[in-house]
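In: what's the 3D shape of this:
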Amino acid sequence: MNRMVWGWTIALGLLLARIGYTELEAADAVLPEWSILMLVTGGLTAGLLGVTGLLGLLGWVPQPGARLGDQ
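Out: Modelled structure (predicted):
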């Protein structure tokens, strides 16, 4: 995958985590606590996955459409 996709993955993860933190800091939170936890955890995990992919450490993951045995 190219660098742009990994960059957008990082940006999406940071956005999700920021939405979770914003809801957590709000005095009258509209979302239940478990969904805030899922937003923060999912956002940080997506950001970590994006950084790992951007560094090239996920080269072992087969690309979509790649067949087994094709190299």
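In: What separation is there between the residue nearest the centre of the chain and Leu58?
Out: Centrality entry for the chain: nearest residue to the mean C-alpha point is Ala46, 1.5 Å, by CA atoms, centre = their mean. Ala46 sits 13 Å away from Leu58, going by CB to CB, to the nearest Å. All C-beta spots, glycine's among them, are computed from the backbone N, C-alpha and C.
In: On the C-terminal side of the one helix or strand Ala17 maps to, identify the next helix or strand.
Out: In the assignment (DSSP states H and E), Ala17 maps to helix 3-25. Beyond helix 3-25 in the direction of the C-terminus, DSSP H and E gives the next helix or strand as helix 33-54.
In: Output the contacting helices and strands for that following helix.
Out: Here helix 33-54 touches helix 3-25, going by 3 or more CB pairs under 8 Å, 6 or more residues apart in numbering; DSSP states H and E.
In: now the helix it packs on: how far from the chain's centre is it?
Out: Distance of helix 3-25 from the chain centroid (CA atoms, centre = their mean, to the nearest Å) equals 7 Å.
In: Any buried residues in it, and which?
Out: By neighbour count on 16 or more other CB atoms under 10 Å, the buried set for helix 3-25 is Trp6, Thr9, Ile10, Gly13, Leu16, Ala17, Gly20, Glu23.
In: if we can go back for a sec, mind exporting the helix holding Ala17 as CSV, just the C-alpha atoms?
Out: Output in CSV follows, covering the C-alpha atoms of helix 3-25 (Å, rounded to 0.1, in the frame of the first residue of the first chain):
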residue,chain,number,x,y,z
ARG,A,3,2.1,6.1,1.9
MET,A,4,-1.0,8.1,1.3
VAL,A,5,-3.2,5.3,2.5
TRP,A,6,-1.2,4.9,5.7
GLY,A,7,-1.3,8.6,6.2
TRP,A,8,-5.1,8.6,5.9
THR,A,9,-5.2,5.6,8.3
ILE,A,10,-3.3,7.6,10.9
ALA,A,11,-5.5,10.7,10.4
LEU,A,12,-8.6,8.6,10.8
GLY,A,13,-7.3,7.0,14.0
LEU,A,14,-6.4,10.4,15.4
LEU,A,15,-9.8,11.8,14.5
LEU,A,16,-11.6,8.8,16.2
ALA,A,17,-9.5,9.2,19.3
ARG,A,18,-10.1,12.9,19.4
ILE,A,19,-13.9,12.4,19.1
GLY,A,20,-13.7,10.0,22.0
TYR,A,21,-11.7,12.3,24.2
THR,A,22,-14.0,15.2,23.4
GLU,A,23,-17.0,13.2,24.5
LEU,A,24,-15.1,12.0,27.6
GLU,A,25,-14.4,15.6,28.6
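In: Fine, thanks again, bye for now.
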